[in-house]
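Peer 1: only geometry, no sequence info:
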């Protein structure tokens, strides 16, 4: 009797286990594919990218609920860095605004913080399940990123041949587009470089470098035009033992050729404009409008406001502080043009609103992930983080809805790639 009774129980247990395995597979790949498509469509269709990002979160949440016991906590530290950065923005927002007349759910900092926390949930699910689907995950990530790069590059060339003033992809902002595209390009370049070393793979890397740098030049973003080849050289030297003299010389020759071809039509006008605007800023005391003069004025007034309010303040209070500075010293008036948007420097913008404590959180995020990337020999992650830091010198990455999601998802994907292709690398909890 006991054997007869146990037989149906065993069949039910096996059926439940089989259905659980099927649900895990379905939710994992739906999450991963949605995340990869969200990265790709950031440069082509931002509305579709946003929808797919939320779907990736929903699929991951469902997967966690159906597989509560099957989790991997080895990368909670990695996700904690993203979570702390996102939580710092939410805490600041509710501390300063909740219950006040200026409270609104459309605040960009609050939404950026929320999106970072959602990416943490997605990353937690993907990290916990990726080793169950190692081979297929590697293929999905590789060809997903290659497709994303190819699609973004094709879209950039289409805009270039359409005689647009600056390539800006679907983001309608050339600077933000340049930062995101540069990070995506570097991820793809180092993904191919991390595979088996061969002349063919190096030629592909060189082609990716030339195509992407050309597109970046058409965005007109001086920061990334200069930093892009330098980041690639730094990451290549630090992370690749087989980088070699030939590879270094090939990149230097490619850089030299591209600089020579682009100097007169692109680089020289940008250099001339930079020097002219710097001179104009000094002569006019920051009262004449220009791309660089406005940034210099905002940074000057931003530091003044930070010294007056080291623990932070509301955006509206910062605007009043800027106005008080301009009225008192009668200079840097162009700082008022874009102050309500952001201060075009990630650390200063964060510090002026969230206070010194907010800046410390941001700097710890930078430092911890860069050190982690170096120690785990994760060239993809290191390239993205250096891109984030360099971009943050003249802009604010974690305020843009599109770039916040795209960069955070790329960080997760970079860690997945390193873990799946280098299984022997240990990661501290």
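Peer 2: Perfect, thanks for sending it. Everything quoted here is computed from the prediction, not taken from an experiment.
Peer 1: verify the stated contact: residue 129 with residue 60.
Peer 2: No. In this structure, residue 129 is not within contact of residue 60 by C-beta atoms under 8 Å, at 9.4 Å. The C-beta positions use only the backbone N, C-alpha and C, and glycine is treated the same way.
Peer 1: of the two, which one has the most company?
Peer 2: residue 60 (28 against 24; other C-beta atoms under 10 Å).
Peer 1: find the nearest non-adjacent residue to the more buried one, please.
Peer 2: Computed as C-beta to C-beta, 6 or more residues apart in numbering, the closest residue to residue 60 that is not its neighbour in sequence is residue 125, at 3.6 Å.
Peer 1: separation between the one you found and residue 63?
Peer 2: Separation of residue 125 from residue 63 (C-beta to C-beta, to the nearest Å): 5 Å.
Peer 1: give me the common contacts of these two.
Peer 2: Shared contacts of residue 125 and residue 63 (C-beta atoms under 8 Å, 6 or more residues apart in numbering): 27-28, 31.
Peer 1: just give me the closest of the residues you listed to residue 213.
Peer 2: If you rank the shared contacts of residue 125 and residue 63 by distance to residue 213 using C-beta to C-beta, residue 31 comes first, at 32.7 Å.
Peer 1: pull the number of nearby residues for the closest one.
Peer 2: 26.
Peer 1: likewise for residue 223?
Peer 2: Residues near residue 223, counting by other C-beta under 10 Å: 17.
Peer 1: for the one 4 residues further on, same thing?
Peer 2: Residue neighbour count, defined by other C-beta under 10 Å, stands at 22 for residue 227.
Peer 1: what helix or strand does it sit in?
Peer 2: Per DSSP states H and E: residue 227 is located in helix 222-239.
Peer 1: okay, buried residues for that helix please.
Peer 2: For helix 222-239, the neighbour count (16 or more other C-beta atoms under 10 Å) marks 222-225, 227-229, 231-232, 235-236, 239 as buried.
Peer 1: residues contacting residue 46?
Peer 2: 170-171, 402.
Peer 1: how close does the closest residue to residue 219 other than its chain neighbours get to residue 224?
Peer 2: Counting by C-beta to C-beta, 6+ apart, residue 219 lies nearest to residue 178, which is 4.0 Å off, once chain neighbours are set aside. According to C-beta to C-beta, residue 178 stands 5 Å off from residue 224.
Peer 1: which residues of the stretch 201-350 of the chain score low on pLDDT?
Peer 2: By pLDDT under 70, the low-scoring segments of the stretch 201-350 of the chain are 241-251, 254, 258, 262-263, 265-266.
Peer 1: can you give me the helices in it?
Peer 2: 222-239, 244-262, 268-284, 291-308, 315-329, 346-375 (DSSP state H, counting those that start in this stretch).
Peer 1: out of the ones you listed, nearest to residue 201?
Peer 2: Set against residue 201 and scored by C-beta to C-beta, those come closest in helix 244-262, at 10.6 Å.
Peer 1: before we move on, the earlier item: shared neighbours of residue 178 and residue 224, which are they?
Peer 2: residue 216.
Peer 1: can you pull the buried residues of the strand or helix carrying residue 154?
Peer 2: Residue 154 belongs to helix 134-161 when elements are defined using DSSP H and E. Under the neighbour-count criterion of 16+ other C-beta under 10 Å, helix 134-161 has 137, 140-142, 144-146, 148-149, 152-153, 155-156, 159-160 buried.
Peer 1: the residue nearest to residue 219 and residue 216 touch, don't they?
Peer 2: Yes. Between residue 178 and residue 216 there is a contact under C-beta under 8 Å: 5.6 Å.
Peer 1: any shared contact partners between the two?
Peer 2: 224-225.
Peer 1: so which of the two has more stuff around it?
Peer 2: Between residue 178 and residue 216, counted using other C-beta under 10 Å, residue 178 has the larger neighbour count: 30 against 24.
Peer 1: elements contacting the helix or strand hosting the more buried one?
Peer 2: Per DSSP H and E, residue 178 falls inside helix 174-193. Here helix 174-193 touches helix 134-161, helix 199-219, helix 222-239, helix 379-391, helix 401-421, going by 3 or more C-beta pairs under 8 Å, 6 or more residues apart in numbering; DSSP states H and E.
Peer 1: ok and it relative to helix 134-161, angle-wise?
Peer 2: For helix 174-193 against helix 134-161, the angle by axes from the mean of the first three to the mean of the last three C-alpha atoms, to 10 degrees is 140 degrees.
Peer 1: angle of helix 174-193 against helix 199-219?
Peer 2: Here helix 174-193 runs at an angle of 180 degrees relative to helix 199-219 (the same axes, to 10 degrees).
Peer 1: start at 367, not 1
Peer 2: Taking 367 as the first residue, the last one we looked at is helix 540-559.
Peer 1: tell me what angle helix 540-559 forms with helix 657-674.
Peer 2: Going by the same axes, to 10 degrees, helix 540-559 makes 90 degrees with helix 657-674.
Peer 1: picking that back up, could you list every helix and strand in contact with the helix holding residue 593?
Peer 2: If you count contacts as 3+ C-beta pairs under 8 Å, 6+ apart, helix 588-605 packs onto helix 540-559, helix 565-585, helix 610-628, helix 634-650, helix 745-757.
Peer 1: so what touches it?
Peer 2: Contacts for helix 588-605 (C-beta under 8 Å, 6+ apart): 541, 544-545, 548, 551-552, 555-556, 559, 575, 578-579, 582-583, 585, 609, 613-614, 617, 621, 633, 636, 640, 740, 743-745, 748-749, 752-753, 756-757, 759-761.
Peer 1: centre of the chain to that helix, how far?
Peer 2: Offset of helix 588-605 from its chain centre (C-alpha atoms, centre = their mean, to the nearest Å): 16 Å.
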